[in-house]
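**Q** The amino acid sequence is not available; the structure is as follows:
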């Protein structure tokens, strides 16, 4: 049963923004009711109706190419069909710009009233020639003329008035221009190919009501009663503007008034009207003319040749103008036009971020030459996953596993403590690893092993290897600075064997160490760490000596505290005395003071130092503890300089905290090298990196400051855990996050404002499609009383935005469940995802699972229930409605929604029973059916356009089934009034007209029988 109406009062009760059409002679395709239905299913449909058609029965139609915005249009006032003519936007003041509203390219079809003689042989050829000539005069393109249908088709670019007016003289072809029209090439005027819209039955007139085609009926009428029409002269010229036709003349052009006016109009009046000068319609003064070969005109806006000599209208300047030779992203016939990005997009445009680091903008990145136009929209992707890319820039799965998944698995294997946030059933369990300083060495070794596996990956760049080696160094430093003595059965801490004066005999060491010596052990471990971290730098410098004397070699060896190698080199070079001095370097302060006193005596006695090698003097200065004097003219990295201060300047029993603070003081005074990050200090980098005073230091230096911190609060945490402190990639936090997690777990600091680390790693994981690990990281964000729900908000955001990713991978989905994420959140995300995808039954199931009863009810009524009912899937309807019935108190309009289906099945089962149950009499059964029929009507009114036509069909079928069962009930023992009341119920049911007609006939039969019985 079709409920789509065209014409008539089809817009009654529809939203006000829909197009209006009240005349019964006019129709649209799709109809207004069909547009309303599509609008309810797809918001904004009326702003983009494809291949919109408006017509008048017996006169013609207009088909607009492409999509058309018909919202808020009063179609009857805008489009007026007359005899052999059509006017669109009669009032020039109401006409929108070309391309907007109905003022756009279209195909016009007009039905001509001509005699049979003009449709055969030479008459037909003459008629077609005249139509072609008239089309050309109008600036339109002739398409075809169908002599059987008498249909003239032509294509126009935009509108004012088209058609034919009376003209007896064929030679009288005035150069009359259509308002703002221009000949279009066949290539530009080809009608866009599109699927034709589904045909809808016309139901606005008597022929349609009788099941006949109104268009065919009109053609039959024209064939049978064409004698009167043949007296009308077909000779015509163009009717263009309302300026040459007053209101009366336009009205007189209608078929109903033409006969009247032709009789009462005198010949002189007719002649005067025909001979009166016609005011030509205004032509577009300024327009884009991409096909013109005239390039002498300035700018990219060309004067229409047909309009030259016309006075130019003053209009408000819009946008900007550029030279037509400038490049532009537009192509085709508009390739010479420069448009602003805002005009191109139809709205203002600014920078916007898309998923996975996609940046959309219309400008030029900072630092690059500005060579683009604002009409160019750029899509750029920020690389969040550079660590997992190979040398060709492609993401590799093995790198993803090594750089991201493996460290997180190690993190997950550690002990955790949990805290419930929120209330059931939507509570969330945030996590935090639990560790202490005794287990710290084992944790560090685990991360070091992962990094070493990363170093085994082939084809890593040199800069990547530098960063990975630095990560090993950082984990070693964390172990050295923050771990405590282990219990029995585990290995002792690493001791520098060359620090003879403070080293302990490894064979005699035990787990029981005097607390007073613990700082010496840590200092020894730190010394060995420092030696190992600079060993490669010493080797690089030694290899670059190019045959210099052994003294320079010795000096470089001392910068890395390679004393054994230095002593062997001095002895093998024949300088035994120097070898003896070197063997005592960094030892007793007495030895240092003796060397310093000897240098002072030489200066006091006026010794000429020119007779001593410069490198030898530097060695003596270093052995005396004067580091700055030994390396004042030598560039050295900050770690070696820190070692020189520690090994040769400060006493051997100095605490590590004092050493760090002393170096910090030297840096602040400019007497020591700045602790620059490793990628600047060592390189090499693919891209040049600069560093200025005050920029971030290396993370190892911050770890030293954190260990030496005595104030309890460390103010450089954010700077310490920034990406630039350990990697040149400002978006790479995959290892920094683990530094923070381990250090915070062992109690080195507490902070609740480092969420940037968590969010940065979450972004990296999401860009790689690791949604489950991103949620794992989000659950480890530190809890804040000021923002107690930040973890829950982030987890929900991930679930909603990346639903398609985690739902299609069973491993990720199960991982998220195991993390304790509420299932209601996952079901809500899936429900919205399936609703977006158009899988409404699946969306309904998930809305039910997440206990969103109101939304479930809406989806059930507007999209699911009617489809299931018409497919006879009654058990599924009963299941879904039964689930919601338990919570009907939370659902608005339950009785006018799913409650109708529940009551329908209940009443149907009672009517099908032969025994008397709760509905004990026919009167009670009749009352139950009447009540349900009333609710069906109320439901249709309440839901309105939100339910589709199929839902109305389901209601009709529902009522039809109950009517059939009610009629089949035995009437024995019932009073005549009860029987007639049943028929009244049947007639009031929302059923088709033919069924109600049959019920009315049955009612009349029963009523007649009752009367006859009463008479007898």
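**A** Now that the structure is in, tell me what you want to look at. A quick note: this is a predicted structure, and the numbers were derived from the prediction, not measured.

**Q** For the rest of this, base every contact and every neighbour count on C-alpha atoms.
**A** Noted.

**Q** how long is stretch 60-70 from one end to the other?
**A** With Cα to Cα, to the nearest Å as the measure, stretch 60-70 spans 19 Å from end to end.

**Q** So which bits of that stretch are buried?
**A** By neighbour count on 16 or more other Cα atoms under 10 Å, the buried set for stretch 60-70 is 60, 61, 62, 63, 64, 65, 66, 68, 69, 70.

**Q** Wasn't the second one part of a strand?
**A** Yes. With the criterion set as DSSP: H, G, I helix; E, B strand; the rest coil, the secondary structure at residue 61 is a strand.

**Q** thinking it is in contact with residue 108, fair?
**A** Yes. Applying Cα atoms under 8 Å, one finds residue 61 in contact with residue 108, separated by 6.1 Å.

**Q** Secondary structure of residue 109: a helix, I assume?
**A** No. Using three-state DSSP, the secondary structure at residue 109 is strand, not a helix.

**Q** I'd say it and residue 57 touch.
**A** No. The pair residue 109 / residue 57 is not scored as a contact, 11.5 Å apart, by Cα under 8 Å.

**Q** neighbour count winner among these two?
**A** Counted by other Cα atoms under 10 Å, residue 109 and residue 57 do not tie: residue 109 has more neighbours, with 24 against 18.

**Q** quick one: contacts for the more buried one?
**A** Each residue near residue 109 by Cα atoms under 8 Å, 6 or more residues apart in numbering is listed here: 60, 61, 62, 151, 152, 153, 154.

**Q** try residue 153
**A** Residues near residue 153 by Cα under 8 Å, 6+ apart: 107, 108, 109, 110, 142, 143, 144, 145.

**Q** Show me what the helix or strand harbouring the last one is in contact with.
**A** When you say that, I think you mean residue 145. Per DSSP states H and E, residue 145 falls inside strand 141-146. If you take Cα under 8 Å, 6+ apart as the criterion, strand 141-146 is touched by 128, 131-132, 135-136, 151-156, 183-184.

**Q** Export these to a markdown table and append columns for secondary structure, distance to residue 96 and pLDDT.
**A** Listed next are the contacts of strand 141-146 as a markdown table, based on DSSP: H, G, I helix; E, B strand; the rest coil; distance: Cα to Cα, whole Å; pLDDT from 0 to 100:
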| residue | secondary structure | distance to residue 96 | pLDDT |
| --- | --- | --- | --- |
| 128 | helix | 33 | 88 |
| 131 | helix | 29 | 89 |
| 132 | helix | 28 | 89 |
| 135 | helix | 24 | 85 |
| 136 | helix | 24 | 85 |
| 151 | strand | 29 | 90 |
| 152 | strand | 27 | 90 |
| 153 | strand | 24 | 92 |
| 154 | strand | 22 | 90 |
| 155 | strand | 19 | 91 |
| 156 | strand | 16 | 90 |
| 183 | coil | 20 | 33 |
| 184 | coil | 20 | 35 |
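
**Q** okay, the residues you listed in JSON lines with distance to residue 731 next?
**A** Putting the contacts of strand 141-146 into JSON lines (distance: Cα to Cα, whole Å) gives the following:
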{"residue": "128", "distance to residue 731": "72"}
{"residue": "131", "distance to residue 731": "70"}
{"residue": "132", "distance to residue 731": "68"}
{"residue": "135", "distance to residue 731": "65"}
{"residue": "136", "distance to residue 731": "64"}
{"residue": "151", "distance to residue 731": "68"}
{"residue": "152", "distance to residue 731": "66"}
{"residue": "153", "distance to residue 731": "63"}
{"residue": "154", "distance to residue 731": "61"}
{"residue": "155", "distance to residue 731": "57"}
{"residue": "156", "distance to residue 731": "56"}
{"residue": "183", "distance to residue 731": "57"}
{"residue": "184", "distance to residue 731": "54"}
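
**Q** Nearest the middle, which residue of the protein would you pick?
**A** Computing the C-alpha centroid of the chain and ranking residues by Cα atoms, centre = their mean puts residue 354 first, at 5.6 Å.

**Q** so what's that one closest to, chain neighbours aside?
**A** residue 360 (7.4 Å; Cα to Cα, 6 or more residues apart in numbering).

**Q** re earlier: strand 151-156 and the strand holding residue 145, what's the angle between them?
**A** In terms of direction (axes from the mean of the first three to the mean of the last three Cα atoms, to 10 degrees), strand 141-146 departs from strand 151-156 by 170 degrees.

**Q** let's number from 24 now, not from 1
**A** Noted, 24 is the first residue going forward, which turns the last one into strand 164-169.

**Q** Kindly point out the strands partnered with strand 164-169 and how each is oriented relative to it.
**A** Partners of strand 164-169 in the sheet, by DSSP bridges, are strand 174-179 (antiparallel).

**Q** Do a quick rundown of the helices in the stretch 774-923 of the chain.
**A** Here the stretch 774-923 of the chain has its helices, by DSSP state H, counting those that start in this stretch, at 778-790, 794-801, 813-824, 826-830, 833-841, 846-860, 863-872, 876-882, 888-893, 897-908, 921-935.

**Q** quick one on the thing from earlier: contacting residues around the residue nearest to residue 377?
**A** Applying Cα under 8 Å, 6+ apart, the residues near residue 383 are 374, 375, 376, 377, 400, 401, 402, 403.

**Q** Can you list the buried residues in the host helix or strand of it?
**A** Taking DSSP H and E as the criterion, residue 383 maps to strand 381-384. Within strand 381-384, the residues that qualify as buried are 383, 384, counting by 16+ other Cα under 10 Å.

**Q** Now the element after that strand, going C-ward?
**A** strand 401-404.

**Q** ok now the helix or strand following that next one, how far from the chain's centre?
**A** As assigned by DSSP H and E, the chain's next helix or strand after strand 401-404 is helix 420-423. Between the centre of helix 420-423 and the centre of its host chain there is 27 Å, according to Cα atoms, centre = their mean, to the nearest Å.
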